[in-house]
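Asker: Here's a sequence, model it:
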Amino acid sequence: MSNQEVGKTGDRDGPKGLAKGSLKPINVLAIAVAAISPTTSVFLVYGAGLASAGTGVIWAFIIGGFIAIGMALSYAEVGSVFPSAGGAYTIVRKALGPIWGGLTNVLFLVLGIVVTASILVAAATYLSSLVPALPVNWTALAMMAVVTLLSLERISPTSWVTAAMLVLELAVILVFTFFSFAHPSLHSNPFTHPVLASGHGNTLALVGMGGLLVAVVPALFAYNGYDWPLYFAEESSNARRALPRAVILAAGIAIVVELAAVIGATFAIKNLGAATASSAPLSLIAEQVMGSTGAKILLIGVVIAMFDTGLAGNLAYARIYYASGRDEMWPGPLNKFFTHISPRTQVPTYGFLVLFVGNGILSIFTSLNNLITFTGVVIVVIYLLVAISALVSRVRDKGLERGFRMALWPIPPLVAIVGVAIALSQQVKRDLIITGVIVAVSVLYYALNRRRLSKVPSMVIAEEVAPPRSISLAEEL
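Answerer: Predicted coordinates for the structure are as follows:
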């Protein structure tokens, strides 16, 4: 069977190993929103955005929101054409070929061993502020051990644990947003006059477009995760129809909740210089608007939310490695290693162990701010590849079934491409160089192995029911 035929019909017997049909749409949506985690995202990246864009962080999140909408539509459409545990990796491999698919695979390997560590270190930092006796890095490592143990269990009960913590974290961010709007303190309007604390924080300067664009990447990092439903395609029922809906809904929830929290927090700032200098500006703002006791209760919720995010994120990465191992994208024995499935729990066991080792090491030796900016750059490179795939697939693969068809094509992927390209141009040179080296080495390796990889069909799943009609964005909303 050719690659084109596999992409069109899938494997009629279904993929071997993963627990087919074990997740309901509500479980998948919960995992996606938990992976984004509005609470985690805002508390994790707000300080980085405030440092580069000042009160213009609001505009950074607005710009990032438009890019996220374009990306969500791109993920939803092409993900419905190529549903697989590989998600974005499979999308790029099927649309652009094994070289660029291989690059995406490597970028996800990097993200997998970096993102969870950065989130858990942030959680441990907040927890340490409540219990100073706890060492930050070792606490993060202990959290990673618990995340790994939960990840190794069956996906269905684990998804319900994720959903339960998600309810709590949404309550946390909504309460914080309410108190922030109820206590406005900012003297200037950030929509018309965004300002940045300069010098020692005693003077304010207008923020230029460059500062706003630097903060767009942290904003995209905050919204990231709405593509997570795609990585559970092989464990979900009616994947071609249900998962695009979950992608769109997850993105919409993230943008609305996070933007409201950022606007409320920014208007509640009493002293911009002090907030910018703080290692945890939202904790400072929370104490100002909720009092000391309220802020402590809030931080407990934030720690739980961050743990939930680490768990939800971890669940997907091992499935990406599993899908790429099935496509023989790894060197030699690593393919068999990553495709190992536990007979008891039907999860890719060894992939989770790799994630534990990588994140565990970074949890001990990591620098949080460096990880946030670097992972943001890696994420937008993946966005660029997926958006291009959405354009190529619509033009080239006209005969393939689409469970979802985006409105206003090709505007959404074009908006995403232009947005991420401009945002990348304003990033720190160190992060761009490191990412550039990863891209160059990966492309070279997969180019040298292109002939072998072209003979291996990339697996996508078939519908277990009659193929649904194509649905539009208007119908989804």
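Asker: Could you point out the helix or strand that follows the helix or strand containing residue 307?
Answerer: For residue 307, the host element (DSSP states H and E) is helix 281-326. For helix 281-326, the following helix or strand on the C-terminal side (DSSP H and E) is helix 334-338.
Asker: Other residues contacting the helix or strand just after that next one?
Answerer: Later in the chain than helix 334-338, the nearest helix or strand by DSSP H and E is helix 349-365. Outside of helix 349-365, the residues within contact range by Cβ atoms under 8 Å, 6 or more residues apart in numbering are 112-114, 116-118, 120-121, 124, 137-138, 140-141, 143-145, 148, 151-152, 314, 317-319, 321-322, 337-338, 340-342, 371. Using the backbone N, CA and C atoms, a C-beta is placed for each residue, glycine as well.
Asker: on that earlier part again, as a whole number, average confidence for the helix holding residue 307?
Answerer: For helix 281-326, the mean per-residue pLDDT is 89.
Asker: distance between that helix and the chain's centre?
Answerer: From the chain centre to the centre of helix 281-326 is a distance of 13 Å (Cα atoms, centre = their mean, to the nearest Å).
Asker: relative to helix 349-365, how tilted is it?
Answerer: Relative orientation of helix 281-326 versus helix 349-365 (axes from the mean of the first three to the mean of the last three Cα atoms, to 10 degrees): 150 degrees.
Asker: Pretty sure residue 447 sits against residue 97.
Answerer: No. With contacts counted by Cβ atoms under 8 Å, residue 447 stays clear of residue 97, the gap being 10.2 Å.
Asker: okay, the two: which has more neighbours?
Answerer: More crowded of residue 447 and residue 97, by other Cβ atoms under 10 Å: residue 97, with 17 against 14.
Asker: Model confidence score at the more buried one, please.
Answerer: Reported pLDDT for residue 97: 93.
Asker: what does residue 43 give?
Answerer: Predicted confidence (pLDDT) for residue 43: 86.
Asker: host element of it?
Answerer: For residue 43, the host element (DSSP H and E) is helix 38-53.
Asker: Could you do residue 221 as well?
Answerer: Counting by DSSP H and E, residue 221 is part of helix 209-223.
Asker: for that helix, packing partners?
Answerer: Judged by 3 or more Cβ pairs under 8 Å, 6 or more residues apart in numbering; DSSP states H and E, helix 209-223 is in contact with helix 38-53, helix 57-81, helix 239-267, helix 368-396, helix 411-425.
Asker: buried set for the last one?
Answerer: Within helix 411-425, the residues that count as buried by 16 or more other Cβ atoms under 10 Å are 412-417, 419-420, 423-424.
Asker: pLDDT and distance to residue 390 added to the residues you listed, as JSON lines?
Answerer: Supplementary listing: the buried residues of helix 411-425 in JSON lines, determined by pLDDT from 0 to 100; distance: Cβ to Cβ, whole Å:
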{"residue": "412", "pLDDT": "94", "distance to residue 390": "8"}
{"residue": "413", "pLDDT": "95", "distance to residue 390": "4"}
{"residue": "414", "pLDDT": "95", "distance to residue 390": "10"}
{"residue": "415", "pLDDT": "93", "distance to residue 390": "11"}
{"residue": "416", "pLDDT": "92", "distance to residue 390": "8"}
{"residue": "417", "pLDDT": "94", "distance to residue 390": "9"}
{"residue": "419", "pLDDT": "88", "distance to residue 390": "14"}
{"residue": "420", "pLDDT": "86", "distance to residue 390": "13"}
{"residue": "423", "pLDDT": "81", "distance to residue 390": "18"}
{"residue": "424", "pLDDT": "85", "distance to residue 390": "18"}
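Asker: Quick check: nearest residue in space to residue 37, chain neighbours excluded?
Answerer: residue 309 (3.8 Å; Cβ to Cβ, 6 or more residues apart in numbering).
Asker: Tell me how many other residues surround that neighbour.
Answerer: The number of residues packed near residue 309 is 32, by other Cβ under 10 Å.
Asker: As a check, name the ranges of all helices in the stretch 51-200 of the chain.
Answerer: Secondary structure of the stretch 51-200 of the chain (DSSP state H, counting those that start in this stretch): helices at 57-81, 88-96, 98-112, 115-130, 136-151, 155-182.
Asker: How about the last one, which residues are buried there?
Answerer: Meaning helix 155-182. Buried residues in helix 155-182, counted by 16+ other Cβ under 10 Å: 155, 158-159, 161-163, 165-166, 169-170, 172-173, 175-177, 179-181.
Asker: and what of the fifth one?
Answerer: Buried residues in helix 136-151, counting neighbours by 16+ other Cβ under 10 Å, are found at 136-137, 139-144, 147-148, 150-151.
Asker: Now do that helix against helix 368-396: the angle between them, please.
Answerer: Counting by the same axes, to 10 degrees, helix 136-151 lies at 40 degrees to helix 368-396.
Asker: Run through who's touching helix 136-151.
Answerer: Contacts to helix 136-151, defined as Cβ under 8 Å, 6+ apart, come from residues 116-117, 120-121, 123-125, 127-128, 158, 161, 307, 310-311, 314-315, 318, 347, 352-353, 355-356, 359-360, 363-366.
Asker: rewinding a little: for the helix holding residue 221, buried residues please.
Answerer: 211-223.
Asker: next one: it to chain centre, how far?
Answerer: 15 Å.
Asker: average pLDDT for that helix?
Answerer: Across helix 209-223, pLDDT averages out at 86.
Asker: relative to helix 411-425, how tilted is that helix?
Answerer: Interaxial angle of helix 209-223 relative to helix 411-425 (the same axes, to 10 degrees): 120 degrees.
Asker: follow-up on the earlier one: do you know how far the residue nearest to residue 37 is from residue 254?
Answerer: 12 Å (Cβ to Cβ, to the nearest Å).
Asker: tell me, what's touching these two both at once?
Answerer: Counting by Cβ under 8 Å, 6+ apart, the residues touching both residue 309 and residue 254 are 36, 41, 225.
Asker: With neighbour count as added columns, please give the residues you listed in a markdown table.
Answerer: Below are the shared contacts of residue 309 and residue 254 laid out as a markdown table (neighbours: other Cβ atoms under 10 Å):
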| residue | neighbour count |
| --- | --- |
| 36 | 29 |
| 41 | 29 |
| 225 | 27 |
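Asker: so which of the residues you listed comes closest to residue 265?
Answerer: Checking the shared contacts of residue 309 and residue 254 against residue 265 by Cβ to Cβ gives residue 41 as the nearest, at 12.5 Å.
Asker: Skipping its backbone neighbours, what lies nearest that closest one in space?
Answerer: Nearest to residue 41 is residue 222, by Cβ to Cβ, 6+ apart, at 3.6 Å.
Asker: pretty sure the one you found is touching residue 47, no?
Answerer: No. In this structure, residue 222 is not within contact of residue 47 by Cβ under 8 Å, at 11.6 Å.
Asker: list the contacts for the residue nearest to residue 41?
Answerer: Per Cβ under 8 Å, 6+ apart, neighbours of residue 222: 36, 41-42, 44-45, 61, 64, 254, 258.
Asker: mind redoing it with 7 Å?
Answerer: Going by Cβ atoms under 7 Å, 6 or more residues apart in numbering, residue 222 touches 41-42, 45, 258.
Asker: Any stretches of the stretch 1-150 of the chain with poor pLDDT?
Answerer: Low-confidence segments of the stretch 1-150 of the chain (pLDDT under 70): 1-17, 19, 21.
Asker: just the stretch 351-477 of the chain next, same as before
Answerer: Using pLDDT under 70, the stretch 351-477 of the chain drops low at 366-372, 459-477.
Asker: Next, the angle from the helix holding residue 307 to helix 98-112.
Answerer: 140 degrees.
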